[in-house]
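[1] Sequence below, structure please.
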Amino acid sequence: MINGSGDFQSLRAQTLAKLDPKTQFREMVRLGAAPDVVVGSAHAITEDGQIVVASASGSQLGPYSAGAGRVFLLVGAQKVVPDLETAMRRLETYAFPLEDVRAHGAYGRGSAIAKILIIRREMSPERITVVLIREAIGF
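    Residues are numbered from 1 along each chain as shown. Alright, predicted model coming up:
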């Protein structure tokens, strides 16, 4: 796991160690909005390269879209779909129900498709790197 590897300074770990989410939540959000590097995933990628990411809170969408200096998205090859319509259907009928079950188990409450980011193009060369993994990871 990246956070516990010792090879990187985890902003999440540092923030949780220093700040109280009950009283300093806005500060936590502010710090997380513009990290040097963010590592994450996507819910779908179209054959023409559009990246679709949904979120209940939106916390990762700002860094993905503009806030992070570098973005690394690790995406299972099963998430490649023909077009945006299929990507949205995949998100709503496959990924969201699985994430909702996971959220219930992890947090005691469900998830939501509250915000959706569609990345069609990146203006800064090499800012976003997508690594397609030839096995099913995530949902």
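[2] what's in contact with stretch 22-35?
    11-12, 15, 19, 21, 59, 62-63, 67-69 (CB atoms under 8 Å, 6 or more residues apart in numbering). For every residue, glycine as well, the C-beta is placed using N, CA and C.
[3] Please repeat the previous calculation with a cut-off of 10 Å.
    9-12, 14-16, 18-21, 38, 57-63, 66-71 (CB atoms under 10 Å, 6 or more residues apart in numbering).
[4] likewise stretch 124-135?
    38-39, 41-42, 45, 49, 51, 64-66, 68-80, 119, 121-122.
[5] any chance you could map the helices in the protein?
    Taking DSSP state H to define them, one finds helices in the chain at 11-18, 25-32, 61-62, 84-90, 96-107.
[6] Of the contacts of stretch 124-135, keep whichever come out buried.
    Among these, the ones that count as buried by 16 or more other CB atoms under 10 Å are 38-39, 41-42, 45, 51, 64, 68, 71, 73, 75-76, 78-79, 119.
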